[in-house]
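Novice: output the structure for:
(2 chains)
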Amino acid sequence: MARHLASHAAQLVVTLLVATAAIFVLLRVLPGDPAVVALGIEASPEALAAWRAEHGTDGPLVVQYLQWVGGLLTGDLGTSYVTSQDLTPLVADRVQVTGILVLLGMLIALVVAVPVGTLAAVWHRNAGGVTLSAVSQVGVAVPNFLVGVLLVSVFAVRLSWLPSGGWTAPADGFGEFWRHVLLPAVALGSVQAAIITRYVRSAVLEIMREDFLRTARAKGLTFTGALVRHGLRNAGVPIVTVVGVQIASMLIGAVVIERVFAVPGLGSLLLDSVGNRDLLAVQSIVAVLVVLVVLLNFLVDLAYTLLDPRLRRAA
Amino acid sequence: MQNLSRRLVGAAVVLSTAALGACTAGSSSGEASGGRTDVVVGLTGEPTNLDFTTTSGSAIPQLLMNNVYEGLVTIDQEGEVQPQLAESWEINGDRTVYTFTLHDGVTFSDGSPFTADDVVASIGRVQDDWTLSLKSKMDVVESAEAVSDTEVAVTLAHPSNGWLFDMGTSVGAMFPDDLSADLATEAVGTGPYTVEEVATGEHVTLAARDDYWGEAPAIPDVTVRYFADANAQANAVRAGDVDMAYNMQAPDLISGLEQDEDLQVVDGTSTGEVLLSLNNARPPFDDLNVRRAVMYAIDRQAVLDTAWAGHGQLIGSMVPPTDPYYQDLTSAYPYDPDRARELLAEAGAEDLSITFDVPTRPYAEAVAQVVVSQLKDVGIDARIVPAEFPAVWLDKVFTEHDYEMSVILHTEARDMLTIFGDPDYYVGYDNPRLAQVAEQADEGSPDQYVAGMQEVARMIVDDAASDPLFLFPNTVVADAVLAGIAANATTESMDLTGLRWSDS
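Specialist: Next up, the predicted model:
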């Protein structure tokens, strides 16, 4: 287990080094001078020069990179070029918002996908199963933002049940928080529900053909009992994998959903920062995302070993 | 099977309870607005900080001018100069000395009294500390002196018809003379509101001051919510989450909003011209005939109807109707594709291929499609090159002048000379006579000013320096019972001080 952890830590460091260097270089290749964007067309040349000197964007790239990475290591993401805000608390706030959105979206997806996928597998020979399969197939093809726009036009605009967007942190009022988070989380989760349903279905179908299920039934368990007691746990391994991968992809989906619902999350911040050539903010957000994804992979790995003792020995 | 279905039912119960809870909590938003003391305003384009003395762009003065900061004078909804912190003013015989009498008993939001010294300091600060090129509007001021606590004499180097108007824009904002606040995070003005909270990426809240010198605004609590996306802004006003969507950028949705009985749609004017910019310094648009061909080739009414659903106004020159020197030049180049083809033939520029740098802004992308098809009709093949806005557009088109044709919204008030008076500006229009006429106009009598500036506008149109496609509307969609909406954007300011609920 310790070796397992160490190899993961090493992987994290290498991934981060490669990712930060790549992001750093790519951003410098992008056209657009951050000084001009920050100060705008009314800025005098002297003001531009002063800005570049103050933010160090006129210095050698290696120095800029090292300064930034050095800051990252101490947890200091730097100061935004555009808003002069301290990035560390800002990004931390935004991670929280996006994190809540993604996790709640995944929860909604699982609550729907596990029973529906299982039913689709159990009923795979009859009309009900075929229908569930077809619906999930269509669901996979629907883009996130479309679901978002539909939800807004029905529940916010037509019915006025929920706000069309915006955000309230849980600490600022739990009722308001739920009112604001529900539609974006559903929008984000619905597409995932369709995707995961398909994985659950095929995983359960696989399990249903396994010998151990027959053994369990021979010992007197009902089909449902055997499936729940022995089958689902085994189906868990591929499902956990897909959940891990999908959470990472939901971070991307969140960028769009945050736009549709005017949610101040990491995605909104990233898009604004790219538009404003707030290079330091972009770099830092991407670095945080890379860390999150790598950590996620680690957690998925850990979950495997818990679900499947055979993998524990191999590790 | 029983086990599984019990779990399913459980999950369904949990979900529907959550949904029901959400519904009951949400029903309050449909209530009548009677007695409300707050208003929520929706905007696109968030300010990056609160300091418009060092940060350019219209977002900051839009939020703060007239609401938090005030000037000696202000520009009203008709574009006229009106007194604000100055009760009155006198101008001497040769029109170089302005003596302002200030209101008594005015205080800044930090409690300090507003006196003549603050005026002197504020004018000096524009000249010394502002980092924006806007500061040049104060170049004409030779000196400012406090005559008494409530009297200030400002001496100009030469008579200027433009200066007093400029004093009603952000360069004329009054700050305390002993300014210690960090303006980026704290706004200290004499206006009826103070900035209470700034939540980046979300909203800014304004609160009415108890000690405001003038008439208190009817609505003490104002929340300005910012949307990255015009559709999200439109949805929010349809859903009743915001009471007023200012400067709507989604024209396709407006006809739907107009049918909603609970809403009102007001098309105000603005000072923003959508300009089809031609690079005069570079082939093919260094040729007058080619530029004129473009003017004849474009059916501006069709552009306005297609790209912006007919909301907006044809102007024919870079002067909006709210300016004193406006004249109707819309018929200077009637839509005449045959004439365009002739001119291109004269210039030897048949089968012209050009690039068209289009900033990633809704209006620009919408306009570009129509323009390209109309140009194609006369034999100009314009290839659209998307330019990310602001970063790429500012760099490539504005700074490097590396373009042939572009389209951009010039929002600033009275910006004709900014754009066409400087050969080094990105349009590259070089007419030495223009500066001369403009200077004489600024120094002349008010009548000479109007005549001179009209001549300048005609010169630019004659030379087909670029094509002003239409005046951008300031479309405001608001709750039907919200009154006192200042829909005309005659300066950058979004004046919220007159808003009130008409049913309360």
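
Novice: please make it C-alpha for all contacts and neighbour counts, starting now.
Specialist: Fine.

Novice: give me the contacts around stretch B:381-395.
Specialist: A:31-34, A:36-37, A:41, A:275-277, B:351-361, B:368, B:372, B:375-376 (C-alpha atoms under 8 Å, 6 or more residues apart in numbering or on different chains).

Novice: now stretch B:84-99
Specialist: Applying C-alpha under 8 Å, 6+ apart, the set of residues contacting stretch B:84-99 is B:70-74, B:100-103, B:151-160.

Novice: so which of those residues sit within strands?
Specialist: Secondary structure assignment by DSSP state E places B:73, B:74, B:100, B:101, B:102, B:151, B:152, B:153, B:154, B:155, B:156 of the contacts of stretch B:84-99 in strands.

Novice: my guess is the fourth one meets residue B:149, correct?
Specialist: No: shown here, residue B:101 and residue B:149 do not form a contact pair, counting by C-alpha atoms under 8 Å, at 9.3 Å.

Novice: returning to what we had before: most neighbours among the ones in strands among the contacts of stretch B:84-99, please name it.
Specialist: residue B:74 (28 neighbours; other C-alpha atoms under 10 Å in any protein chain shown).

Novice: beta partners for that one?
Specialist: Assessed by DSSP bridges, residue B:74 has beta-bridge partners residue B:82.

Novice: host element of residue B:430?
Specialist: For residue B:430, there is no host helix or strand (DSSP states H and E).

Novice: neighbours around it, how many?
Specialist: Residue B:430: 17 neighbours (other C-alpha under 10 Å).

Novice: same thing with residue B:346?
Specialist: The number of residues near residue B:346, taken as other C-alpha under 10 Å, comes to 12.

Novice: go on, residue B:280?
Specialist: 24.

Novice: and it, which of the three is it?
Specialist: Secondary structure, DSSP: H, G, I helix; E, B strand; the rest coil: residue B:280 is coil.

Novice: same thing with the one 4 residues further on?
Specialist: Classification of residue B:284 by three-state DSSP places it in coil.

Novice: chain neighbours aside, what residue packs nearest to it?
Specialist: residue B:290 (6.8 Å; C-alpha to C-alpha, 6 or more residues apart in numbering or on different chains).

Novice: what's that neighbour in contact with, if anything?
Specialist: So residue B:290 contacts B:284, B:343, B:344, B:347, B:349 (C-alpha under 8 Å, 6+ apart).

Novice: what's the spacing between the fourth one and chain A?
Specialist: As defined by C-alpha to the nearest C-alpha, to the nearest Å, residue B:347 lies at a distance of 34 Å from chain A.

Novice: ok, the second one next?
Specialist: With distances defined as C-alpha to the nearest C-alpha, the gap from residue B:343 to chain A amounts to 35 Å.

Novice: buried stuff in the helix or strand where that residue lies?
Specialist: Residue B:343 is located in helix B:337-346, with elements delineated by DSSP H and E. Neighbour counts over helix B:337-346 (16 or more other C-alpha atoms under 10 Å in any protein chain shown) mark B:337, B:339, B:340, B:341, B:342, B:343, B:344 as buried.

Novice: mind putting those in CSV, pLDDT and distance to residue B:466 included?
Specialist: Output for the buried residues of helix B:337-346, formatted as CSV (pLDDT from 0 to 100; distance: C-alpha to C-alpha, whole Å):
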residue, pLDDT, distance to residue B:466
B:337, 97, 17
B:339, 97, 17
B:340, 97, 15
B:341, 96, 18
B:342, 96, 19
B:343, 97, 16
B:344, 96, 16
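
Novice: give me the low-pLDDT residue ranges for the chain?
Specialist: As the question left the chain open, I've gone with chain A. Applying pLDDT under 70 to chain A flags residues A:1-2, A:4, A:308-315.

Novice: try chain B instead
Specialist: Using pLDDT under 70, chain B drops low at B:1-34, B:504.

Novice: let's see it at 50
Specialist: Along chain B, the parts satisfying pLDDT under 50 run over B:1-32.

Novice: show the buried residues in the contacts of stretch B:381-395.
Specialist: So, by 16+ other C-alpha under 10 Å, the buried ones in the contacts of stretch B:381-395 are A:31-34, A:36-37, A:41, A:275-277, B:352, B:354, B:356-359, B:361, B:368, B:372, B:375-376.

Novice: among the residues you listed, which are in strands?
Specialist: B:352, B:354, B:356, B:357, B:358, B:359.

Novice: among those residues, which are within reach of chain A?
Specialist: Filtering these for proximity to chain A by C-alpha under 8 Å from any C-alpha of the partner chain leaves nothing.

Novice: how much space between residue A:235 and residue A:126?
Specialist: Separation of residue A:235 from residue A:126 (C-alpha to C-alpha, to the nearest Å) stands at 22 Å.

Novice: and those two? which has more neighbours close in?
Specialist: Counting neighbours by other C-alpha under 10 Å for residue A:235 and for residue A:126 shows that residue A:235 has the greater number, 22 against 10.

Novice: does that one belong to a helix or a strand, and which?
Specialist: Short version: residue A:235 belongs to helix A:232-260, going by DSSP H and E.

Novice: now do that helix: which elements does it pack against?
Specialist: helix A:87-122, helix A:144-151, helix A:174-208, helix A:266-275, helix A:279-307, helix B:230-238 (3 or more C-alpha pairs under 8 Å, 6 or more residues apart in numbering or on different chains; DSSP states H and E).

Novice: please name the residues that touch the residue in the stretch 151-300 of chain A that chain B sits nearest to.
Specialist: With C-alpha to the nearest C-alpha as the measure, residue A:157 is the residue of the stretch 151-300 of chain A nearest to chain B, at 4.1 Å. By C-alpha under 8 Å, 6+ apart, residue A:157 lies in contact with A:164, B:235, B:236, B:238, B:239, B:240.

Novice: spatially nearest residue to the first one (excluding sequence neighbours)?
Specialist: I take that to be residue A:164. residue A:156 (5.0 Å).

Novice: if anything else comes up later, I'll come back, but that's it for now.
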